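> no sequence for this one, just the structure:
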């Protein structure tokens, strides 16, 4: 019984679509991380004196014996912030373009209804009789 419910849940289209989206999102995250770490940060590091952002840290405690040093690694944080900004901007552009395309397709489709000449009720373009007032409509 429970297995049947799980099977119905797992095989629904939206669950499969979500899984595909998560996998593609993870792959996209790797691409963005590489873009930031391998393409954007090295020239930025050169501009600020050959500094690697990953190495930027504020020491809180030096190493004592076998205890490691403790530091705030704000360079890694900056890399992650830049990753986030690139991903957010990319997703904004993608959503903006999808919305734009949707609006263009709606405009290209044109109207799907027309007013009845007698009662001014909205009716389908191909209607030959008004469902509200039952008057016959001439089709063009």
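All right, it came through fine. Remember, it's a predicted structure, so these values are computed and weren't measured experimentally.
> tally of neighbours for residue 136?
By other Cβ atoms under 10 Å, 10 other residues sit near residue 136. Any C-beta I mention is one placed from the backbone N, CA and C, and that applies to glycine too.
> you'd agree it is up against residue 128?
Yes - counting by Cβ atoms under 8 Å, residue 136 does reach residue 128; the two are 6.6 Å apart.
> any idea how far the helix or strand hosting residue 83 is from the chain center?
Remark: residue 83 resides in helix 74-109, with elements defined by DSSP states H and E. Averaging C-alpha positions (Cα atoms, centre = their mean, to the nearest Å) puts helix 74-109 6 Å from its chain's average.
> list the buried residues in that helix.
The neighbour-count check on helix 74-109 (16 or more other Cβ atoms under 10 Å) flags 75, 78, 79, 82, 83, 86, 87 as buried.
> what do residue 136 and residue 128 both touch?
Shared contacts of residue 136 and residue 128, defined by Cβ atoms under 8 Å, 6 or more residues apart in numbering, are absent.
> returning to that earlier point: what does the helix or strand just after the helix holding residue 83 rub up against?
Counting by DSSP H and E, the next helix or strand C-terminal to helix 74-109 is strand 113-115. The contact list for strand 113-115, computed with Cβ under 8 Å, 6+ apart, reads 121, 122, 123, 124, 125, 127.
> the helix or strand following strand 113-115: how far from the chain's middle?
The helix or strand immediately downstream of strand 113-115 is strand 122-124, counting by DSSP H and E. Distance, stretch centre to chain centre, for strand 122-124: 36 Å (Cα atoms, centre = their mean).
> follow-up on the earlier one: need the buried residues of helix 74-109 in JSON lines (columns: pLDDT).
Listed next are these as JSON lines, based on pLDDT from 0 to 100:
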{"residue": "75", "pLDDT": "88"}
{"residue": "78", "pLDDT": "87"}
{"residue": "79", "pLDDT": "80"}
{"residue": "82", "pLDDT": "83"}
{"residue": "83", "pLDDT": "80"}
{"residue": "86", "pLDDT": "84"}
{"residue": "87", "pLDDT": "80"}
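> thanks a lot, see you next time.
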